[in-house]
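Q: I need the structure of the sequence given here:
(2 chains)
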Amino acid sequence: MKQTLVALFLAVIAPLTGADAYRIAVIPKGTTHEFWKSIHAGAVKAERELKAQGVNVSIIWKGPLKEDDREQQIQVVENFVGQRVSAIVLAPLDKRGLVAPVESAVRGKIPVIVIDSGLESKAPASYIATDNREGGRIAARELGKLLGGKGNAIMLRLQVGSASTEAREEGFLEVMKKDFPNIKLLSTDQHAGATRDTAKAVSENLLNRFGKQVNGIFTCNESGTAGMLLALRDAGLAKGKVKLVGFDSGETLNAALLAGDIQGLVVQNPMKMGYLGVKNAVAVLRGEKVEAVVDTGVGFVTKENFNSPDMADMVRPPLDKYLK
Amino acid sequence: MNDTAKRMLGKAGPFFGLILVIALFAIPGESREAFLSYHNFKIILTQTVIVAIGALGMTMIIVSGGIDLSVGSSIAFTSVVGALLVKHGWSTAPTCLATILTGGVIGLLNGTAIARLRMTPFIITLGTLGVARGSAKWLGDNQTVNYDSSPINGWMTTPDPFSYALPAGVWVAIVLAVITSLVLNNTVFGRHIFSIGSNEQTARLCGVPTQRLKIAIYALAGCFFGLAGLFQLSRLRQGDPTVAIGLELDIIASVIIGGASLNGGVGTILGSMIGALIMAVLRNGSQQMGWPTYFQEIIIGLVIIVAVFLDRLRQGKQA
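A: Coordinates of the predicted model:
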């Protein structure tokens, strides 16, 4: 009995005292999107590589109970600080809301690496994300090319207050206005909302109003693109009658791309975010220097380049290899 | 206000509201042509189906003096169940039956807990809201459930988008609304629902089996929610565990705008259907007008308050 207790005690205390035993909490914004699964896979990839190098590291994957719930994510961060994990890799749901718990973690000597979305604080050791504004610019250039520099376009926004998609929307509008003065923007002020269903309803309503005039559409995330895709199909405007350029990749979107219902997708590299997040966290813990800002890059995937190896990690992340 | 006027207001109020919102979007010139087209009303009707079918069940519950907050989660749960069944090769009929019954079972559990344990419907269904949502994510392995294809996919759309035919889902909602309305007004079961909503004690003393009745109401409403889940599946062509968050509020609002009272004993199916349409028209119209999103939310909120105010006017004397 006594021995068991001592063993138990050691098991509990070992991660706290062992010099090279790192416990790294990875906190996504939600857990249901494929995007977050890719980040998880990237984190597991880093864990396995580091273990192979003899570093004793383990990751703890935990998202907020409800998607998009800032309060819940704050609690998750606070709980990990309470558990004294070695480091935290966080995709903050809000650029301001998460500042307080992150700064208190850093004051408690727990380094924080921010991934995916920005945080308005100097406390995080490193920020690893997509340059979303550039993603929006790429979408505008490609859609402009598809339309031959003229015609009517619609941009469907996502949600008020979502920093990453707002940056995409701004980047899109910037290039559209500057480089394609002959493309008229019919609607740029409607929001798709959180789910595919809300996005589909908004898309149907927009297409009813503008379906006869519109030539090209930009949607700025996965659920928005999927909702618009369903609405275009139902309205008989798919198969390239109206050109659709979306953002992010996923099972549904990839299939539609190959079927010719979507002309192009701006894709991010979430696996790289998860991977570098954990790598940089360990580097900070070992006292090494890390870059303050890392851009994981975006690609533009079309039916033609879908199968090229450059795109593999972005459109076909090997989730099974790391998560099963 | 005399009684006849009050009755008139009660019956005509929701209709009046619907005509008012349609007129609101029909006046301005630019979007009028697109808004006032048959095709647009087809879109509005299709977008109303899920809320309308949910409101059928909710009307029964609210008339009986109860409430069900778990509708949105039930819809998500049953649509994930349906998607999984299709994925595992079940054919259409058994899939539909099982999906609807899944909703019925959730309702049965709600009703049993409320009637037998004598707990407040608000609390019980608030609990089920979480249980069903979590179970949906669990079943779906935290992801959307995708399947190749199924006849179910075609129920919320028509092969030719510009044809005059309405999707099957719209017809199902209309037929069910007529049947439910007849049941509420012309059967013993229906009249009993009104009686326990008006005064549960009196109803029991008059020999109404209140406990069994409550269980039956929640179970039947649950079947409606399961059917709504099936149409949600048809609309998205995938089972999405995160769909319909907050939809319970839309459904409750439809019933209230339609003239039902949260105190129970009052409410009509026709009113609830119009309530659901009013909200769909408001969303559709304001999006085509290009109004900002926040403005749409404000307007819908105001409509609910005005509807409840009218409800108070109507009940003024009784209260």
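Q: Which residues are in contact with B:Val80?
A: B:Ala136, B:Leu139, B:Gly140, B:Val145, B:Gly239, B:Asp240, B:Pro241 (Cβ atoms under 8 Å, 6 or more residues apart in numbering or on different chains). Backbone N, C-alpha and C define where each C-beta goes, glycine included.
Q: need the residues of the stretch 101-250 of chain B near chain A, please.
A: Counting by Cβ under 8 Å from any Cβ of the partner chain, the stretch 101-250 of chain B comes close to chain A at B:137, B:140, B:142-144, B:146, B:157, B:160-162, B:232, B:235-238, B:240-245.
Q: Which secondary structure elements does the host helix or strand of B:Ser234 sit against?
A: Using DSSP states H and E, B:Ser234 maps to helix B:210-236. Applying 3 or more Cβ pairs under 8 Å, 6 or more residues apart in numbering or on different chains; DSSP states H and E, one finds that helix B:210-236 contacts helix A:196-210, helix B:38-63, helix B:71-87, helix B:92-116, helix B:168-186, helix B:188-198, helix B:200-205.
Q: Can you list the buried residues in that helix?
A: B:210, B:213-236 (16 or more other Cβ atoms under 10 Å in any protein chain shown).
Q: how many degrees apart are it and helix B:168-186 in direction?
A: Helix B:210-236 runs at 160 degrees relative to helix B:168-186, counting by axes from the mean of the first three to the mean of the last three Cα atoms, to 10 degrees.
Q: Run the chain-centre distance for helix B:210-236.
A: Its chain's C-alpha centre and that of helix B:210-236 lie 10 Å apart, by Cα atoms, centre = their mean, to the nearest Å.
Q: pLDDT of that helix, averaged?
A: The average pLDDT within helix B:210-236 is 95.
Q: Next SSE downstream of that helix?
A: That would be, after helix B:210-236 and using DSSP H and E, helix B:247-257.
Q: what residues does that following helix touch?
A: For helix B:247-257, using Cβ under 8 Å, 6+ apart, the contacting residues are B:14, B:17, B:50-52, B:54-55, B:58-59, B:62, B:67-73, B:75, B:129, B:262, B:267, B:271-276, B:278-279, B:300, B:303-304, B:307-308, B:311.
Q: Tell me, how many residues neighbour B:Phe295?
A: Counted with other Cβ atoms under 10 Å in any protein chain shown, the neighbours of B:Phe295 add up to 11.
Q: That one against B:Ser286, yeah?
A: Yes: B:Phe295 is within contact range of B:Ser286, at 6.7 Å (criterion: Cβ atoms under 8 Å).
Q: Once you drop chain neighbours, what's closest to residue 119?
A: Because you didn't say which chain, this covers chain A. Nearest non-adjacent residue to A:Leu119, counting by Cβ to Cβ, 6 or more residues apart in numbering or on different chains: A:Pro92, 4.9 Å away.
Q: The intended chain is chain B.
A: Once flanking residues are discounted, B:Met119 sits nearest to B:Ala113: 6.0 Å by Cβ to Cβ, 6+ apart.
Q: burial of the one you found, as a residue count?
A: Based on other Cβ under 10 Å, the number of other residues close to B:Ala113 is 19.
Q: and if you look at B:Glu297?
A: 12.
Q: what do you get for the one 4 residues further on?
A: Around B:Gly301 there are 11 other residues, counting by other Cβ under 10 Å.
Q: Need the CA coordinates for stretch A:278-295. PDB is fine.
A: Extracted in PDB, the C-alpha atoms of stretch A:278-295 (Å, rounded to 0.1, in the frame of the first residue of the first chain):
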ATOM      1  CA  VAL A 278       4.900  22.300 -30.300                       C
ATOM      2  CA  LYS A 279       8.400  22.500 -31.700                       C
ATOM      3  CA  ASN A 280       8.700  26.200 -30.800                       C
ATOM      4  CA  ALA A 281       7.300  25.500 -27.300                       C
ATOM      5  CA  VAL A 282      10.000  22.900 -26.600                       C
ATOM      6  CA  ALA A 283      12.600  25.200 -28.100                       C
ATOM      7  CA  VAL A 284      11.600  28.000 -25.700                       C
ATOM      8  CA  LEU A 285      11.600  25.600 -22.700                       C
ATOM      9  CA  ARG A 286      15.200  24.600 -23.600                       C
ATOM     10  CA  GLY A 287      16.100  28.300 -23.700                       C
ATOM     11  CA  GLU A 288      16.600  28.500 -27.400                       C
ATOM     12  CA  LYS A 289      15.600  31.500 -29.500                       C
ATOM     13  CA  VAL A 290      12.500  31.300 -31.600                       C
ATOM     14  CA  GLU A 291      11.200  33.600 -34.300                       C
ATOM     15  CA  ALA A 292       8.600  36.000 -33.100                       C
ATOM     16  CA  VAL A 293       6.300  35.700 -36.100                       C
ATOM     17  CA  VAL A 294       6.200  32.700 -38.400                       C
ATOM     18  CA  ASP A 295       4.000  32.600 -41.600                       C
END
